[in-house]
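Q: kindly generate the corresponding structure for this input.
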Amino acid sequence: MSEKVGYLGEEWAQLAREKLVNQLDPAKMNGLSASMVNIYRNCPDGTDHSLLIDCREGRISRFEVSDSEIPSAEFRIFGDYEVFAKITRGELSSQKALMTGKLSLKGNMAKALRLSSLADRINRILSEIPTNY
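A: Model (predicted):
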């Protein structure tokens with residue numbers, strides 16, 4: 001694929017879901033069940049967006065991008081679009097963004113920190129998508 005897709009757009013979301021389903025090995029996920037929604041503030045189009053990732057028994061069960069209603073999830077992570085873009089490009093770790101206040105979290109912080117290596121793995125996979133930010 002040589003053409004870039006728009007970050008958080010429909011085509012990007014479809015590619016992202018396919019990559020995550022194909023590249024996240026359920027055996028290495030240890031039966032993980034968790035859900036998180038990233039809430040993107042200050043997006044270039046002037047609206048807020050959300051990205052829901054839901055894992056059930058080690059498999060991605062839902063992956064949705066929205067610019068309307070924010071879905072419920074175990075974790076809600078808030079931040080500026082540019083911060084999330086840096087994380088997705090692999091320029092900033094999600095854990096560092098949380099610890100430096102670039103992102104804020106609602107949910108169990110101890111569990112979120114235990115899952116930070118999974119979040120970084122997800123972002124490494126997403127960084128492979130040729131994307132216009």
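
Q: any stretches of the chain with poor pLDDT?
A: Scanning the chain with the threshold set as pLDDT under 70 gives 1-2.

Q: C-terminal to the lengthiest helix in it, what's the next element?
A: Counting residues, the longest helix in the chain under DSSP state H turns out to be helix 10-23. Counting by DSSP states H and E, the next helix or strand C-terminal to helix 10-23 is strand 34-41.

Q: what is that next one packed up against?
A: strand 49-56, strand 75-80, helix 81-88 (3 or more C-beta pairs under 8 Å, 6 or more residues apart in numbering; DSSP states H and E). Yep, even glycine has a C-beta here, placed from its N, CA and C like the rest.

Q: what's the longest helix of the chain packed up against?
A: Using 3+ C-beta pairs under 8 Å, 6+ apart: helix 10-23 touches strand 5-6, strand 59-66, helix 116-126.

Q: state the distance from residue 108 to residue 55.
A: Distance of residue 108 to residue 55, given as C-beta to C-beta, to the nearest Å: 15 Å.

Q: neighbour count: those two, which is higher?
A: Using other C-beta atoms under 10 Å as the criterion, residue 108 and residue 55 rank with residue 55 on top: 23 against 13.
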